[in-house]
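1. okay, sequence plus prediction incoming.
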Amino acid sequence: MVRVGVVGTGGWGKNHVRVFDELQCLGAVCDMDKARAEQFSKKYRVPGYTSLDEMLNKEKLDAVTICTPASTHFAIARKTLAAGFHTLVEKPMTTSAKDGQLLIDEAKKANRILTVGFIERFNPPISELKGMIAAGKMGDLILLEFHRENKRGERTEDVGIVKDASVHDIDTACWLFGEQPKSVYARVGVMYVPLEHEDFATILLGFSGQKTAFLVTNWVTPSRVRTLSAVFSKAVVDVDFVTQQTSIHEGTATTSPTRQFQEPLMLEMKEFVGAIEEKRRPLVTAEDGFRATLVAEAVLASSSSKTPIYME
Ligand SMILES: NC(=O)c1ccc[n+]([C@@H]2O[C@H](COP(=O)([O-])OP(=O)(O)OC[C@H]3O[C@@H](n4cnc5c(N)ncnc54)[C@H](O)[C@@H]3O)[C@@H](O)[C@H]2O)c1
């Protein structure tokens with residue numbers, strides 16, 4: 001049985017802890033906040049640490065997931081990989097593509113899996129959409145329009161919305177089109193002035209031929225919006241990431257496939273554990289994490305230079 005240690009038990013990390021407990025894979029928890037380390041250690045009856053080094057030295061773990069703020073991902077992941085642990089880093093994998101490349105090198109050297117928390121790939125309507133694209137019955141996929149909008153959350157924002165949230169849709173767009181964008185044009189800004197980083201972004205990604213992705217992300221909209229509209233030459237498929245509902249519009253008819261709700265994080269962690277057990281590549285590779293950060297950097301560069309960035 002694979003044993004996983006979770007580093008960071010805050011707003012999101014506590015979900016990692018719960019899911020690994022349900023999978024009977026939870027080995028230990030670590031949080032620099034003593035109260036949190038103790039709280040989750042007690043709740044799930046596993047050892048709790050405030051020191052990452054101590055957890056890595058004392059516990060017989062196979063893997064670690066990193067749910068700490070983005071600016072800490074690189075240093076923590078470099079340490080866990082060098083110490084020989086398979087590692088899942090929450091998004092963004094690193095705050096710079098340069099650091100992402102260094103992590104890829106570290107994972108190769110250690111011969112360990114390095115993967116990133118691009119959870120939307122595991123969201124059932126998105127996996128289903130990927131299958132529809134491959135089946136080709138709806139014609140050519142031309143446009144992906146994403147909306148990821150909500151009021152700003154409580155946690156410390158050490159990166160702006162592009163690296164924090166748009167990266168999900170950047171990765172999903174690249175995965176669904178099966179390629180990387182050739183051009184990036186974006187406008188980003190700050191609506192809530194005390195913030196150091198941007199809190200809204202409008203992004204246009206140009207893929208080969210006419211394929212385009214349009215991404216709207218903000219921390220302003222009062223309600224939580226997470227939608228994707230996929231425009232094919234013969235149909236339009238609307239997806240709601242939250243309700244997991246899919247609507248397929250063909251001509252004047254609309255159909256909605258029925259399927260059971262499944263927690264994307266559970267599916268994501270099962271896949272991570274499966275990749276470790278089967279000694280295979282994970283669905284999300286470290287290169288995917290690197291490339292999403294590279295595109296996020298191009299988004300910010302495009303906005304500040306007011307010009308498109310050509311990725312070639
Ligand atoms: N995949 C998703 O859908 C999703 C959703 C939310 C957050 N996230 C990601 O999860 C990560 C954490 O986000 P959050 O909302 O839980 O943040 P948070 O601020 O709520 O929690 C971070 C936790 O990490 C702890 N911590 C910080 N530095 C540490 C260190 N060096 N060692 C040990 N513990 C440390 C803090 O004490 C805190 O408990 C971020 O990378 C975020 O982007 C992903």
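-> Here it is on my side, so go on. Numbers count the residues shown, from 1 in each chain.

2. when you work out contacts or count neighbours from here on, use the C-alpha atoms and nothing else.
-> Fine.

3. show me the strands in the stretch 1-150 of the chain, by range?
-> Here the stretch 1-150 of the chain has its strands, by DSSP state E, counting those that start in this stretch, at 4-7, 26-30, 48-49, 63-66, 86-89, 114-116, 141-149.

4. mean pLDDT for those - can I get that in JSON lines?
-> Formatted as JSON lines, the strands of the stretch 1-150 of the chain follow (pLDDT from 0 to 100):
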{"stretch": "strand 4-7", "mean pLDDT": "98"}
{"stretch": "strand 26-30", "mean pLDDT": "98"}
{"stretch": "strand 48-49", "mean pLDDT": "98"}
{"stretch": "strand 63-66", "mean pLDDT": "98"}
{"stretch": "strand 86-89", "mean pLDDT": "98"}
{"stretch": "strand 114-116", "mean pLDDT": "98"}
{"stretch": "strand 141-149", "mean pLDDT": "98"}
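
5. quick check, distance from the helix or strand hosting Ser302 to the centre of its chain.
-> Assigned by DSSP states H and E, Ser302 belongs to helix 286-305. In terms of Cα atoms, centre = their mean, to the nearest Å, the centre of helix 286-305 is found 14 Å from the chain centre.

6. so for the next helix or strand after that helix, mean pLDDT?
-> Remark: after helix 286-305, the chain's next helix or strand is strand 309-310, criterion DSSP H and E. Averaged over strand 309-310, pLDDT sits at 98.

7. tell me the strands beside strand 309-310, with direction?
-> strand 183-189 (antiparallel) (DSSP bridges).

8. tell me the mean pLDDT for the strand it pairs with?
-> On average, strand 183-189 scores 97.

9. picking up where we left off before, the helix holding Ser302 and the ligand, are they touching?
-> No - for helix 286-305, no contact with the ligand is found by Cα under 6 Å from any ligand atom; the gap never falls below 12.3 Å.

10. so how far is the helix or strand of the chain with the lowest mean pLDDT off the chain centroid?
-> Between all helices and strands in the chain, the lowest mean by mean pLDDT, DSSP states H and E belongs to helix 161, at a mean of 95. Relative to the chain's own centre, helix 161 is displaced by 13 Å; criterion: Cα atoms, centre = their mean.

11. may I see the buried residues of the next helix or strand after that helix?
-> Counting by DSSP H and E, the next helix or strand C-terminal to helix 161 is helix 167-177. The neighbour-count check on helix 167-177 (16 or more other Cα atoms under 10 Å) flags 167-174, 176-177 as buried.

12. can I get the residues you listed in a markdown table including distance to Thr65 and pLDDT?
-> Formatted as a markdown table, the buried residues of helix 167-177 follow (distance: Cα to Cα, whole Å; pLDDT from 0 to 100):
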| residue | distance to Thr65 | pLDDT |
| --- | --- | --- |
| Val167 | 19 | 98 |
| His168 | 18 | 98 |
| Asp169 | 21 | 98 |
| Ile170 | 22 | 98 |
| Asp171 | 19 | 98 |
| Thr172 | 21 | 98 |
| Ala173 | 24 | 98 |
| Cys174 | 24 | 98 |
| Leu176 | 25 | 98 |
| Phe177 | 28 | 98 |
